[in-house]
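**Student:** below is the structure, and that's it, no one-letter string:
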């Protein structure tokens, strides 16, 4: 990717590094978690005057912040064989202390899944950027890629039981990790990703879901907003919640059942039942004059990276995709937002409907596996729960094209970069137009896509293929858009 000079409205804003311990005592309720808390001096955002930014948690009627995380892909195996052998025979509440003794001390490099030092670094940055979020949404993929194979390589256990049990323990550890990053009253709502299984990639393991439901229940049920979490998650990995400050029904979906790569060998296929359930939830929400947010792992529409060769590839099964997209579009007056992950990139998409539609905000990955900079988002809500803006953070360094300083930095704000005052379907469609017509906006979009690092970014030679995927969610319209070339009036 060609170097791009940052435009003034998205110039890097470095996060300074005061000790987080001044705001979050290291005497966590979870034994052994002082090592994970990062109390030896970690990143924290400061106000212009130099003091730590620690606003009180927003109540209904005030602006609120939501922390959005995806694709952590934690690999305990990165700590080394001896450490992993110790972890297998140790309660997860003591894992952090053991992991902290590893000689693996630098955050994961590009091309690798997240190690423990990257978890610590990302966690400190999340706590600095959102010390008191109203709630947290994690859109899945907690476990590393090839989790079961890595287990077998170390233990030589060809049976699935050992790997499945270790997957359960690692998922429990991730629940403790997220709990350590926010105050004890903040609910955390987890989703299921295609790697979150004790069986296989894209295989939904009933036992894994049952174990995960109990690990995450103390976080998801905080504040009483998800009373049916355990039973619902246990029976399919999807559920509803009423998060604070947003004034919406949060619908946490398990769209792995709908993926084109779904493997039914690991458990019953609940995809049709989930789609029918979603219809009932949206019907009830609309009848009550309410609003809904959808959250899932896999985004809608085109797998853009896999479609660059010329043949459009959908993220979901073709039949399911058409039914799901039509359900969302038909409920555009009820569904205010969708949150997804999976691609590991800072991207957005939109379901066009009428003069606007439903915005889909893609949450970047913590793992740098796809040569992206690790990242996460914070989202700002208005007094009525409307989505005003979102901000992307990234772990940047010397290799960044825009010259960001090394460390966790504010990458961009949606509102400033795309000149919008809110995050809606209409504002995203306006952003789509600006990307095509304004070379400065397009350069920012290209740079930000992989978190400020030359990974799977759109670039001057292929940007149209990425651009078409923002609003053309079916194969026919996407292919027509790509074949049409650069839009009329696009700047060079």
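**Tutor:** Noted; the coordinates are in hand. Since the structure is predicted, the reported quantities are computational estimates derived from the model, not experimental observations.
**Student:** center of the chain - which residue?
**Tutor:** In the chain, the residue lying closest to the centroid (Cα atoms, centre = their mean) is residue 70, at 2.4 Å.
**Student:** what about the residue lying closest to that one once chain neighbours are set aside, how many residues nearby?
**Tutor:** Nearest residue to residue 70, sequence neighbours excluded (Cβ to Cβ, 6 or more residues apart in numbering): residue 341, at 3.0 Å. The C-beta positions use only the backbone N, C-alpha and C, and glycine is treated the same way. Residue 341: 29 surrounding residues under other Cβ atoms under 10 Å.
**Student:** for residue 341, which residues are in contact?
**Tutor:** By Cβ atoms under 8 Å, 6 or more residues apart in numbering, the residues touching residue 341 are 70-71, 139-141, 193, 297, 299, 362-363, 365.
**Student:** let's see 7 Å
**Tutor:** 70-71, 139-141, 297, 362-363, 365 (Cβ atoms under 7 Å, 6 or more residues apart in numbering).
**Student:** residue 136 contacts residue 190, correct?
**Tutor:** No. The criterion here is Cβ atoms under 7 Å, and residue 136 misses it with residue 190 at 9.0 Å.
**Student:** tell me where the stretch 101-250 of the chain is predicted with low confidence.
**Tutor:** 158-160 (pLDDT under 70).
**Student:** mind redoing it with 90?
**Tutor:** Flagging of the stretch 101-250 of the chain using pLDDT under 90 yields the residue ranges 156-161, 197-206, 235.
**Student:** residue boundaries of the strands in it?
**Tutor:** Ranges of strands in the stretch 101-250 of the chain, per DSSP state E, counting those that start in this stretch, are 135-138, 188-190, 239-241, 249-252.
**Student:** by contact count, what packs against the third one?
**Tutor:** Packed against strand 239-241 by the contact rule (3 or more Cβ pairs under 7 Å, 6 or more residues apart in numbering; DSSP states H and E) you find helix 229-234, strand 249-252.
**Student:** closest to residue 259 out of the ones you listed?
**Tutor:** strand 249-252 (16.3 Å; Cβ to Cβ).
**Student:** adjacent strands (with direction) for that closest one?
**Tutor:** Strand 249-252 has the following strand partners under DSSP bridges: strand 239-241 (antiparallel), strand 292-295 (parallel).
**Student:** CSV for those, including mean neighbour count and distance to residue 120?
**Tutor:** What follows is the strands paired with strand 249-252, written out as CSV (neighbours: other Cβ atoms under 10 Å; distance: least, Cβ to Cβ, whole Å):
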stretch, mean neighbour count, distance to residue 120
strand 239-241, 24, 28
strand 292-295, 25, 26
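**Student:** those strands: which one's closest to residue 480?
**Tutor:** It's strand 292-295; of the strands paired with strand 249-252, that one is closest to residue 480 (Cβ to Cβ) at 26.7 Å.
**Student:** follow-up on the earlier one: return the closest of the contacts of residue 341 with respect to residue 473.
**Tutor:** Nearest to residue 473 among the contacts of residue 341, with distances taken as Cβ to Cβ, is residue 362, at 13.4 Å.
**Student:** that closest one and residue 132: what is the separation?
**Tutor:** Using Cβ to Cβ, to the nearest Å, residue 362 is found at 25 Å from residue 132.
**Student:** higher neighbour count, the two?
**Tutor:** Between residue 362 and residue 132, counting by other Cβ under 10 Å, residue 362 is the more crowded of the two (24 against 19).
**Student:** what about the residue nearest to the more buried one when sequence neighbours are not counted, how many neighbours?
**Tutor:** Counting by Cβ to Cβ, 6+ apart, residue 362 lies nearest to residue 347, which is 4.0 Å off, once chain neighbours are set aside. Under the neighbour criterion other Cβ under 10 Å, residue 347 is assigned a count of 23.
**Student:** so residue 347 touches residue 360, yeah?
**Tutor:** No. Using Cβ under 7 Å, residue 347 is not in contact with residue 360; the gap is 8.8 Å.
**Student:** and stretch 84-98, average pLDDT?
**Tutor:** In this model, stretch 84-98 has an average pLDDT of 96.
**Student:** that should have said stretch 328-341, apologies.
**Tutor:** 97.
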